[in-house]
Structure formats: C-alpha cells, structure tokens
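Participant: sequence? don't have it. structure:
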Ligand code: ADP
Ligand code: MG
Ligand code: MG
C-alpha cells in the first residue's frame, strides 16, 4: 500500500518532491532537535491522486490521514474536540518549490463554541480563545468555502469604529465573541448551512481546500512565471498550533539570516507581539524590527539566534524562517532558502564562497538566471537623483528604480500598461489577487506592511521595484487619491520610487542603464569559467552590439538586415527597389543602398572586434516596407518617374493572404537575386575594409540564408552569393574567408538536414518561426487563444517564450544528428527568443549546440544558464 502521509519524525529535507518544501524542512528541523510543533504531511502524490480521483480524497488516503491524527494526538497529548485539552492545528500548503502567498493556510482549526469555552476557562484567557475562533471562522470561510475575505474585514472595521479603536489588538474578549457570532451568521447567510463544528469535518474540508488551491488562478499564473509544472501538486501540512496571540509575552515573526534585499550578513526580520503569523505577512499592523525582540523576549531571542546559526550552517544558504513565541517559548514553524533580490543573491553567493561554505560551482548554481534581469534594468540617473528631494520614505523592499503614472488598483495597472503607459501601483497593501497588476506596473508602493509583506515578497520574486510601509501616505483608495507631504496625488500623476532606499519622489526622475561590476562580475566570471557553450547576441545596430559586448556577448548570432532599411531616409531607396519593374530599375535602387549597408556592416565588425558576426539576408515579406501614406506614395512615384496609380497597383500586387508563409526569406533571393547579390557585396566589402585596419582580427563573415526548406533553394541562392563574394575578394586582392549557412526554421529543413548540411557551413535554429511552423499557428496571433490554452491546461507556457522541447526540440535534435555526420565542421546555434530563456538554454546545451544567441540584455542570463547547464 502506498504511503500517503508522513509524520514530521518520518521525513527529511531530501524528501522535498514528496513532502513539499515546507513539509520536508519541518521534518528536517524536527530531526535537528529544533522546537517544532509536531504534526504530519500529506504527500504531493496524494494531491495528484486527489485530482485523478475527480477532486476527491480516496478511502486509502483518508484512512491514513485519520491514523496520523491519532498518532498526532498521542504525541501532543491533546485531542480534537476534547473537553480537557483540545488540539488545535494549522493546515498549510507546501509545494516542492516555494510559492509565497500563493496558496492558502488555515489556522486554529479544531474550534467550536464548546472548545472555545474550554480554552477560555483552562487558560483564563478569554480574549485569546475568542480571537482564535474569529480568526478561524474568517480563514475557513474564505479558504474552504470561498465566502470572500472582505465581508469579514468589513465587520471587523465596523466593530473597531463602534468601539472607537484603531487596531485589532484593542478589541476585547466580548468584542471578539460578538464578531465570531457575526461571522457565523455571515457564513450561514452566504452558504446556507451552519458553520461546521466537528473538528474532523473541518480538517477534511481544509485539506481539500489546500489541494484545490493548487489549481487557483493566481497559483497558475505564478507557476507559469516561475516554470513550475502543474503536475507537481502540493503537499498539505497539519501541525499543532503554537500561539503568538495569547498576550504580550507572545508574538510571531519572520526573519532572514541575511538581508534579502542587499545580502548583508546578519539577522534581518520583523516581529509582532500578541499576533498570529498572518498578521506580519498581511501588513495588518506595521511590525517591529527583529532587534527589538531582544529586549522583549531575551531568552527566546538567544535561542532563536542559535537556531539561525544551526540552520544556516546546515543548509549552507540564507534561511527565511517563520516562528512564534508562546509565553516566552520559541517555536519554529518554517524554514527555507530565502527568496532574495538579484543583488542579494550575488552577494550571498560570493560571501558563502569566501566563508568556505560553498564552492564556485555551487555559487553559480545558486543564482536564478531569470533574476539577473532586474540588475540589467535601469537605475535612477545618479545626478538627477542627487538633485531630487524625496517627499516621503517607506521601506526599500525590492530594489530598482521605477517612475510612472499613479494607479490605484491592479486592474487599472493592467489596463494602463496595455495602453503602453508606465505606471506605479499605489495601494494600502497588496494581496495575492493583485499579482497581475503588480507585474504590469513599473513599481509598487504600499502604505502598510513591512519587508516581509506580500507586496515586498512578491515584488522581490518578480524583480520589480517595491517601496512598502510608507505610513505617511493618507490613502483614499476609493476616490483614487492620496496625500503625501502636504500634496494631493491623483490617478495619472507622476511619481518615482527607489526600491533600494525606500525614497519616494514627486514627478519623473530619469533612469540610466545598469553595469556588470563587483559581485555580479565575479559570478559571471565563474559562470564563464564553467560553461562550454558560447553566448552570442541578436543585434542589428552597432549600439546594440556594443551593449551586448559589454554584457559579455561573444559574437552576433543574428543581425536582421531589414531593420537597417528603416534608418533615416534609406527607406526611400528601398521602396524604389521594391517598386521596380525591371532588373535595371532594381539594380539602380540597390546601388543606392549598397554603400549604406556596407557602412552599417563595417560598424558592426568594428564593434565586434573580430568576434563572429552572422548576417541574415533580407527576410520579411516586402509589403511590410511599402508606403501607406498618400504623400509617401506620391514621393515614390515621382522618384521612380511613375504615376501614383502605377505605384498603387504595384503595392496591391504585393498583398498576400498569409504573408508569414508567403513571399519572404530565401524566396525573395530566388525571385530577386540582385538583392542577395547586393547584400553579399556589402558584407564582403565591409569585412575587407575593416580587416585592412585590423589585420589581427579574425574576421570571417557568416552569411545566413533564411527560411530554407529544400536543399535546392539553398544551392540556388548560395551559387550567386559565392560568385559575388569570390569576385569581390578577388577584385580587392584579399584572402578573406567567409561562410554561408542557413537558418533552420521550417520543419522540412530539419527533416532533411542531412541534405542541407552538404551545402551549409552552419545551422542556426530560428525557433520563433520554427515554433510557429511546427505548431502551425502564428506567433502574432497566438496571444488571442493562449490564455484559453492555459486555462484548459493544454499549455503551461507560451511556446514562443519557452522552447517546446518535445516537438520543436525533437526537430532540433534531429537536425543536429542528421547534419553533423555529413559536415563535421558544421557549427550550430539558436537565435530565436528562446536563446535567452534559461530552461531552453539548458536544453540547447544538452543537445550539443555550439552557441545560443539572444537579445543584448539577456546575454548575462544566457551565460549563467549555460554555466548551470554545464555544471
Ligand atoms: P505561507 O506558505 O503562505 O507562508 P504558512 O503555511 O507558512 O503560509 O502559514 C502562514 C502563517 O501562519 C505563517 O507565518 C505561520 O507563522 C503561521 N502558522 C502556520 N502554522 C502555524 C502553527 N502551527 N502555529 C502557529 N502559527 C502558524
Ligand atoms: Mg510561510
Ligand atoms: Mg525566421
């Protein structure tokens, strides 16, 4: 019989896949002898089984849960629903990978009116007993029955107003009792039945709710953003409660062994007296700094410091811990490798190497490549920042710089961003529902909440800038306005926030690009040492190429020549070329373009200093270039000595029903060889010129023919490319060498790669087109139905962002396996968007690609991902 349930004493940290991160670490802490309230973990496999059984818990699993409850009652000496010593538990989700705030937790389960009275009597603490009960009804109603938090929050607010108090802690036992009654009435009015009183019934309801929460919309979004497969499922932890809400000698906190924003070594965290865990995270009250705990709870603090040291040494990484103090006694509720900003991740990894805790390889493996993105994003211009005076200050919760227009709701953030506006989301506090809005915003500013509030944690995870807990803001969310520093701000007003210092500025402060230096440089140095695959960039302009070189690119894997035609007034000559009716006309127009293009290529070769440059010949359908404005059409007609009507006829003739599968790529070279000949001359002349000035550079042009599907196409085009190139080289008396290769972006090219490799010096997988042609849907239109595909679980990711390894990947593998034996010198790369996606980079390494090529800002990500793939 399968084992579906493990007591904390039966598990350990290596069982993460089965027990989830939280469960595995609760077990590990138990094994280390730390003070953990005992309980059990229902496995992730049970979650998967729950879905397989049509969202129900089967008899075998149920029996094991009941057995575990009995064991737990034995260990704790408490019993569910008992008149003497009732057991209260928390029911906590915990997936393999941590998904902070994404899943639901229920505290104080096991309460009913009778049990509350018992608790109140035995403890002499009536307030606490009713506080637990009202919290439980609130969480259970929200999480299990989906009644909605807000009704309960409204009732609390009403009660506070009635009593003339500001904070929950000021409510009395009688107030809380009354609230519990109101909550139950609310529950009954919404659900139509009484609030459940049987602890076991409550428990089963809660367990199902956790399983169910694996499939809630925000969990699905979080998984997609973080590459977590749906199939993993979540475990459920049932744990005896420790109470931080029994009075002023109690409290609850969250702490990190190092600063998650900067990485600085030292205890960092927050603590609230007379509170339960959720209060710290939800930002109900602004908590105190962990150091204040030392004065309030000297003994528990000393013990906690020791626990921190033990855990950090044990896990050899920065720990993020949740704990509670009950009447001065410490209980550990969670530990995990803490989420951190990219900056902190780099510092911690370097420090751990210097402290002898980790090797260089391990340090490289510790950094999430996707995180680096934030470091490559703009920071405030130092001079402008210095000149600006902050109008307020919150906590620097997630670093980076953000400026934009103020919006007050997640929905508005999404809507405004979709219109191309840069927005800063300003909220009282955020909750998991806000996640899409937080993603759409440049930055997040909250009035309440600390460094471990929802907004802070999620923003750090996403690499967004966040300033939290700016209590000076007088917020009026309803009327979309707030007051700060005596000024009223409305929706659409400009604001800037600094997620590093927590400063808030009126108006927009200009931003500048970031640099690779310090710890970033050190980690990238190690990454370069351990990776075997090269990293190139997709760059069309010398400026992009230069940026990419600074970020470590070792060449250009894709230069899209068509972008050059839009510079200045070159488009005029290009349009003349398109609207030519004879070869002579076309050649005359091309002759105007040739020197311009040659100049561009020279600048690229200069910028690359002898590193390889792959130049792709004209690819898009020609109609993309034709004029649409009447005056442009007239201008073209005049230049060509044609009538407006003639030009319009030519333009009309270029119309295609399905241009992405139309007259483009090498088909253009087949119909108009003179275009490819001109581009060949430009490339070769540029290379020869630059080589003259830099004889030590190894300049070897790589000419790439796009969209080849048949060996004969490549052969046909290659013939006049080679003729032209050889003639140029001969005329210049040069010994320049060059290569002619092709993109593999049509499935037929992959299928016949053994033929194609006979003519190609290199392959470059154009996985944007290859994905669209393999799936048979357009990358420009997929957005319309992808969401439905996510909802239906047909896709978990956008195949244009994350390589489809099963299908498209199989074509790639096949092409390499067919091509390399035919042409052992064949070099192979990728230049689709996937070249900068870490999991796709890992796949590319696995199938033996020589290089990946990605956009300049993704180069460091690819370097790190390539190193991780090699380690
Ligand atoms: P999340 O994964 O969202 O952090 P948790 O399962 O960790 O959710 O629970 C949320 C909070 O509830 C935690 O901060 C923790 O302190 C508190 N909590 C959970 N279980 C217990 C317990 N057995 N006793 C006391 N507090 C608890
Ligand atoms: Mg937690
Ligand atoms: Mg393509």
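Facilitator: Cool, the structure landed. Predicted model only: the values in this text are computed from it and were never measured. Residues are numbered from 1 along each chain as shown. Ligands and ions are numbered 1, 2, ... in the order given.
Participant: quick one: list the elements packing against the lengthiest helix in the chain.
Facilitator: Ranked by residue count and defined by DSSP state H, the top helix of the chain is helix 583-608. For helix 583-608, the packing partners by 3 or more Cβ pairs under 8 Å, 6 or more residues apart in numbering; DSSP states H and E come out as helix 542-550, strand 556-560, helix 570-578, strand 613-616, helix 673-693. Glycine gets a C-beta too; all of them are placed from N, C-alpha and C.
Participant: next, the angle from the first one to strand 556-560.
Facilitator: Right, the one you point to is helix 542-550. Calculated by axes from the mean of the first three to the mean of the last three Cα atoms, to 10 degrees, helix 542-550 forms an angle of 160 degrees with strand 556-560.
Participant: shift numbering so it begins at 49
Facilitator: Sure, I'll start numbering at 49, so the last one becomes helix 590-598.
Participant: mind listing what's buried along helix 590-598?
Facilitator: 590, 592-597 (16 or more other Cβ atoms under 10 Å).
Participant: filter those by proximity to ligand 1?
Facilitator: For ligand 1, no contacts are drawn from these by Cβ under 6 Å from any ligand atom.
Participant: now the longest helix of the chain: mean pLDDT?
Facilitator: Averaging pLDDT along helix 631-656 gives 94.
Participant: can you give me the angle that helix makes with strand 604-608?
Facilitator: In this structure, helix 631-656 runs at an angle of 150 degrees to strand 604-608, with the same axes, to 10 degrees as the basis.
Participant: confidence score at the residue in the chain that ligand 1 sits nearest to?
Facilitator: Taking Cβ to the nearest ligand atom, ligand 1 has its nearest neighbour within the chain at residue 325, 2.4 Å off. With respect to pLDDT, residue 325 has a value of 75.
Participant: give me the distance between it and residue 76.
Facilitator: Distance, residue 325 to residue 76, by Cβ to Cβ, to the nearest Å: 20 Å.
Participant: ok, how many other residues are close to residue 675?
Facilitator: Neighbourhood size, residue 675 [other Cβ atoms under 10 Å]: 20.
Participant: that one: what secondary structure?
Facilitator: Applying DSSP: H, G, I helix; E, B strand; the rest coil to residue 675 yields a three-state assignment of coil.
Participant: for the nearest residue to it once chain neighbours are set aside, what are its contacts?
Facilitator: Taking Cβ to Cβ, 6 or more residues apart in numbering, and ignoring the residues beside it in sequence, residue 675 has residue 681 as its nearest neighbour in space, at 5.0 Å. Residues counted as contacts of residue 681 (Cβ atoms under 8 Å, 6 or more residues apart in numbering) are 675, 692, 695-696, 699.
Participant: can you flag which of these belong to helices?
Facilitator: Among these, the members falling in helices (DSSP H) are 692, 695-696, 699.
Participant: follow-up on the earlier one: ok, so of the buried residues of helix 590-598, who is nearest residue 496?
Facilitator: Each of the buried residues of helix 590-598 was checked against residue 496 using Cβ to Cβ; the closest is residue 595, at 39.5 Å.
Participant: do you know the pLDDT at the closest one?
Facilitator: On pLDDT, residue 595 comes in at 86.
Participant: chain neighbours aside, what residue packs nearest to it?
Facilitator: Nearest residue to residue 595, sequence neighbours excluded (Cβ to Cβ, 6+ apart): residue 904, at 4.6 Å.
Participant: give me every residue that touches the one you found.
Facilitator: 585-587, 592-593, 595-596, 599, 601.
Participant: could you look up the SS state of the residue nearest to residue 361 when sequence neighbours are not counted?
Facilitator: Nearest non-adjacent residue to residue 361, counting by Cβ to Cβ, 6+ apart: residue 405, 7.8 Å away. Assigned state for residue 405: coil (three-state reduction, three-state DSSP).
Participant: ok so, going back, what's the closest of the helices and strands packed on helix 631-656 to ligand 2?
Facilitator: Taking Cβ to the ion as the criterion, helix 590-598 is the member of the helices and strands packed on helix 631-656 that comes nearest to ligand 2, at 39.8 Å.
Participant: for that closest one, packing partners?
Facilitator: Packed against helix 590-598, as judged by 3+ Cβ pairs under 8 Å, 6+ apart, are the following elements: strand 582-586, helix 631-656.
Participant: so which of the ones you listed is the most surrounded?
Facilitator: Per-residue neighbour counts averaged over each of these give the maximum for strand 582-586, namely a mean of 28 (mean count of other Cβ atoms under 10 Å).
Participant: who are the packing partners of the host helix or strand of residue 485?
Facilitator: When secondary structure is defined using DSSP states H and E, the element that contains residue 485 is helix 483-488. The helices and strands touching helix 483-488, judged by 3+ Cβ pairs under 8 Å, 6+ apart, are helix 265-274, helix 458-466, strand 471-475, helix 502-510.
Participant: my read: residue 257 touches residue 152, true?
Facilitator: Yes: here residue 257 reaches residue 152: they are 6.3 Å apart, a contact under Cβ atoms under 8 Å.
Participant: compare those two (neighbour count), which wins?
Facilitator: When neighbours are counted by other Cβ under 10 Å, residue 257 and residue 152 differ, and residue 257 comes out ahead with 24 against 21.
Participant: element containing the more buried one, please.
Facilitator: Taking DSSP H and E as the definition, residue 257 sits inside helix 247-261.
Participant: thinking again about what came up before, most surrounded residue in the ones in helices among the contacts of residue 681?
Facilitator: Highest neighbour count within those: residue 695, with 23 neighbours (other Cβ under 10 Å).
Participant: from what I can see that residue touches residue 626, true?
Facilitator: No: using Cβ under 8 Å as the test, residue 695 is too far from residue 626 to be in contact (10.1 Å).
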